[in-house]
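[1] Below are the sequence and a predicted model; questions follow.
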Amino acid sequence: MNVFTTDKIRNVVLLGHVGSGKTSLAEALVYLSGQTNRMGTIEAGNTISDYDKEEIKRKISLKTTVIPIPWEGFKVNILDTPGSHDYIGEVEEAISVADAAIIVVSGKSGIEVGTKRAWELCEKKKLPRMVFVTDMDDDKASFKDVVQGLQELYGKRIAPFHFPLRENEQFVGYVNVIQKKAKRWNDKGGVDKSEVPDYSQENLALYRDALVEAVAETSEEFMERFFEGDEFSEDEIRAALHVGVCDSEVVPVLMGSNIQAHGMYTLMADIIKYFPSPDKCKVAGINTTDNSVFEANYDFSKNKSAYVFKTIADPFIGKYSLIKVNSGVLKSDDTLFNYHRDTEERLGKLYVICGNKVEEVKELHAGDIGAIAKLSVTQTTDSLSTKKNPITYIRANISKPYVFRRYVAKNKGDEDKISQALAKLMMEDVTVKVENDSANGQSLIYGISGQHLEVVQSILAERYKVEMELLKPRTSFKETIRKKVDTEYKYKKQSGGHGQYGHVKITMEPSGDMDTPYVFEQIVVGGAVPKNYFPAVEKGIVESVKRGPLAHYPVTGVKVVLYDGSYHAVDSSELAFKVATEQAFKKGFMEASPVLLEPIASMRVVIPEQYAGDVMGDLNKRRGRVNGMNPLGDGTQEILADIPYIELFEYDTKLYSMTRGAGVFSYEFARYEQAPDDVAKREIEANAEE
């Protein structure tokens, strides 16, 4: 592929609801650019974007794919993202390097949860955007309904550029609202200009008013002229639109058919015409030598720097770090410094990636997106620069995973293989985390949803040939006591020769510090237990609190005082006193009114307000305590609640069902509380059986 300068580059992310047509739109654009001689389809499993076996099997995108499209002397880097919220991390990575967005909406399905979520993501980054309405070849599609829905949600910013022409239930062309001219598809794949048919005049007037009003909003001068009834010229409209789109004040609405590849030429023309090139965008980092601000701003004349926004670790195509060049011009064999890892990396060759195909390029200019192979330590969200001018950029804010499962190897001996496979997978998907919960003897894996984790499980089996089972996690209960007791134990064993003898007398009571497993004190007088055995007594306590006598959960909040005992000059040993302490602890614990404590989470749930009743009812069923509700001003409600961790299992699935995918939740550990009798009884009985 040719080298493109900064002003000839456009970086565009495709956003939208799952199934809205993002991948087929990208496929049509690639086909029309001449890079392929056939157009792949989701059904056939042969698209450029969805090349992974798991994507082909499920017929949805699971990761962001970069597709560079050369177009009339320009290069448009398309970032095709998943529509499912399960892969929000992939979307957030792509948005971190995009300069503009196309929100894809199906004309048949209309505005969906993913549409609104895409808009919110653009708003957070103030990203210039267009809306592209697909499926116009389907008679059930309604461009008008989509535009009206967008206007109701987002007001006068919505500016329809085109609308479809239909004759005999066929999509035959479109009307250009700016030019007030009709264009019809011809047999050669182009368009023939014509007058707007009479049956479309009403729609033209409607959309023209919306477009002109959006233009008027861009300046006070235009607003005055609008109210005076002045007519804007085509050049004035286009100039105002260019400024308005770049400032996110105007959002054009375009449409077409992905299957027929209709509407793509106008889309690409408008991308190049209205979306900003990187040199019109701002980006800044920190020069770590003096903590000064480094205004990179995609300036090719400044020191080299780049941001790693994604990692591919595919066993078939290898490991690639996907980068956006923030300043300077990167060349093959450059050496760059990774400030986060305090290491220099030799770049070797530079590439551009199109789906799963790589193509070598000799250099990448500021603002361009490319790839570097086999960087040794660099990870996603790291920054690269020269060692003389070490620059670090703000890391992308990637969603935290809250859904977790316990995982075990399906086949004995596969534990190490699973660990290695997960390590590679976590390079690619930063919303997957693993944790060793040694206190409860389990390995945990975290993801965005239960379905997300099931896909991880499937990828491990397909790609890395290792199988793991996902199980309900063991909740991190704890055990404690509620009253003070006095207990003792004498460990005495004789089996010929030296025997074993250890005798301890201890008191046990609540310590009042629930964050500390135990507090140990000794007040022995007169040498009843020699000082050299005190450490052995404490070792016995350390072992005892790991697995409590009640239900084998860790113990917390216990104060143990050694006040007396006895020893044998010959038979006493550290082991004997350790065993005696363990037995005394067990006996005393069960006499001290033991209780089970359960972890409580402080949870935040954000939902459209119409679902508040259902969500509140479900939280009550889960023993949740609602602490407050706050309207967020955009038709959503924030619910704050305390809920036991054990009740969080499969909550993501339930919330998705109740809110049709619109609800999101997060939580953090709050405290431990005494578990209700029925919950405690169930846990004690279950662990007794084990």
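    Structure received.

[2] what bits of the protein have low per-residue confidence?
    189, 496-497, 689-690 (pLDDT under 70).

[3] Partner strands of the longest strand belonging to it, with direction?
    Looking across the chain with DSSP state E, the single longest strand is strand 595-608. In the sheet, strand 595-608 lines up against strand 478-480 (antiparallel), strand 636-644 (antiparallel), strand 664-674 (antiparallel) (DSSP bridges).

[4] okay, which residue is most central for this protein?
    Geometric centre of the chain, nearest residue: G89, 2.6 Å, by Cα atoms, centre = their mean.

[5] Check which element follows the longest strand of the chain along the chain.
    Counting by DSSP states H and E, the element after strand 595-608 in chain order, helix or strand, is helix 612-621.

[6] How far does that following helix sit from its chain's centre?
    Centroid separation for helix 612-621 versus its chain: 26 Å, with Cα atoms, centre = their mean, to the nearest Å.

[7] And that helix, what does it pack against?
    When contacts are defined as 3 or more Cβ pairs under 8 Å, 6 or more residues apart in numbering; DSSP states H and E, helix 612-621 packs onto strand 595-608, strand 625-631, strand 636-644, helix 651-659. C-betas here are computed from N, CA, C, even on glycine.

[8] how about these, which one is nearest G527?
    G527 sits nearest to strand 595-608 of all these, at 36.8 Å, using Cβ to Cβ.

[9] what comes up buried for the closest one?
    L596, L597, E598, P599, I600, A601, M603, V605, V606, I607, P608 (16 or more other Cβ atoms under 10 Å).

[10] how far out from the middle of the chain is that strand?
    21 Å.

[11] And for stretch 239-258?
    Worked out by Cα atoms, centre = their mean, stretch 239-258 lies 28 Å from the chain centre.

[12] do stretch 368-383 as well
    Centroid separation for stretch 368-383 versus its chain: 19 Å, with Cα atoms, centre = their mean.

[13] Show the end-to-end separation of it, please.
    Using Cα to Cα, to the nearest Å, one end of stretch 368-383 lies 15 Å from the other.

[14] buried sites along it?
    Under the neighbour-count criterion of 16+ other Cβ under 10 Å, stretch 368-383 has D368, I369, G370, A371, I372, A373, L375, T378, T380, T381, D382, S383 buried.

[15] Tabulate those (a markdown table), appending secondary structure.
    Converted to a markdown table, the buried residues of stretch 368-383 look like this (DSSP: H, G, I helix; E, B strand; the rest coil):
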| residue | secondary structure |
| --- | --- |
| D368 | coil |
| I369 | strand |
| G370 | strand |
| A371 | strand |
| I372 | strand |
| A373 | strand |
| L375 | coil |
| T378 | coil |
| T380 | coil |
| T381 | coil |
| D382 | coil |
| S383 | strand |
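
[16] quick check, nearest of those to L153?
    Lowest distance from L153 to the buried residues of stretch 368-383 (Cβ to Cβ) belongs to I369, with 30.7 Å.

[17] any chance of the helices and strands packed on helix 612-621 in TSV, plus distance to R208?
    TSV is the format used below for the helices and strands packed on helix 612-621 (distance: least, Cβ to Cβ, whole Å):
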stretch	distance to R208
strand 595-608	33
strand 625-631	36
strand 636-644	33
helix 651-659	37
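
[18] Relative to S495, which of these is closest?
    Shortest distance between S495 and those, using Cβ to Cβ, is found for strand 595-608: 38.4 Å.

[19] with the buried residues of strand 595-608 in mind, which one is nearest to Y31?
    Using Cβ to Cβ, the buried residues of strand 595-608 come closest to Y31 at P608, 38.0 Å.

[20] can you pull up the bridge partners for that closest one?
    T636.

[21] residues touching it, list them.
    Contact analysis of P608 by Cβ atoms under 8 Å, 6 or more residues apart in numbering lists G635, T636, Q637, T659, A662, G663.

[22] Could you identify which of these has the most neighbours?
    G663 (25 neighbours; other Cβ atoms under 10 Å).

[23] how close does that one get to S24?
    28 Å (Cβ to Cβ, to the nearest Å).

[24] which residues sit against stretch 190-201?
    For stretch 190-201, using Cβ under 8 Å, 6+ apart, the contacting residues are F163, L165, G173, V175, K180, K181, A182, K183, R184, W185, N186, L204.

[25] and that stretch, how far from the chain's centre?
    45 Å.

[26] tell me which residues in it are buried?
    Quick answer for stretch 190-201 (16+ other Cβ under 10 Å): V191, V196, S200.

[27] Please identify which of the residues you listed is nearest to E363.
    The closest of these to E363 turns out to be V191 (Cβ to Cβ; 37.5 Å).

[28] Got phi/psi on the closest one?
    Torsion angles at V191 (phi, psi; degrees, to the nearest 10) stand at phi -130, psi 150.

[29] So what pairs up with it in the strands?
    Beta-bridge partners recorded for V191 (DSSP bridges): W185.

[30] what's the next secondary structure element after the one helix or strand F309 maps to?
    Assessed by DSSP H and E, F309 sits inside strand 305-314. Of the helices and strands lying after strand 305-314 in sequence (DSSP H and E), the nearest is strand 318-327.

[31] Go through the helix or strand following that following strand and flag the buried ones.
    For strand 318-327, the following helix or strand on the C-terminal side (DSSP H and E) is strand 329-331. Of all the residues in strand 329-331, those buried under the rule 16+ other Cβ under 10 Å are V329, L330.

[32] list the helices and strands strand 329-331 packs on?
    Applying 3+ Cβ pairs under 8 Å, 6+ apart, one finds that strand 329-331 contacts strand 363-365.

[33] hmm, who's touching the strand it packs on?
    Outside of strand 363-365, the residues within contact range by Cβ under 8 Å, 6+ apart are 3-6, 9, 300, 323, 325, 329-332, 350, 370.

[34] Provide the secondary structure category for L165.
    Classification of L165 by three-state DSSP places it in strand.

[35] before we move on, back to that, now for the buried residues of strand 595-608, which pair is the farthest apart?
    Using Cβ to Cβ, those reach their maximum pairwise distance at L596 and P608, which is 37.4 Å.

[36] Contacts only, for A371.
    A371 neighbours (Cβ under 8 Å, 6+ apart): I312, Y320, S321, L322, I323, L350, Y351, V352, I353, V358.

[37] Please name the bridge partners of it.
    The partner list for A371 in beta bridges (DSSP bridges) reads L322, Y351.

[38] Distance of it relative to I271?
    Applying Cβ to Cβ, the value for A371 to I271 is 22 Å.

[39] coming back round to it: for the strand holding F309, packing partners?
    If you count contacts as 3+ Cβ pairs under 8 Å, 6+ apart, strand 305-314 packs onto helix 88-95, strand 318-327, strand 383-385, helix 415-428.

[40] Please name the strands paired to the very next helix or strand once past the third one in the sheet, noting orientation.
    Just to be clear, that refers to strand 383-385. Using DSSP H and E, the next helix or strand after strand 383-385 towards the C-terminus is strand 391-392. Sheet pairing for strand 391-392, assigned by DSSP bridges, gives strand 284-287 (antiparallel).

[41] Check the offset of the strand it pairs with from the chain's centre.
    How far strand 284-287 lies from its chain's middle: 25 Å, per Cα atoms, centre = their mean.

[42] Please put the alpha-carbon coordinates of that strand into PDB.
    The C-alpha trace of strand 284-287 is given here as PDB (Å, rounded to 0.1, in the frame of the first residue of the first chain):
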ATOM      1  CA  ALA A 284      -1.400  15.800  23.700                       C
ATOM      2  CA  GLY A 285       0.900  13.800  25.900                       C
ATOM      3  CA  ILE A 286       3.300  14.400  28.800                       C
ATOM      4  CA  ASN A 287       7.100  14.700  28.300                       C
END
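
[43] got the contact list for that strand?
    With Cβ under 8 Å, 6+ apart as the test, strand 284-287 has contacts from 292-297, 305, 326, 383, 385, 389-394.
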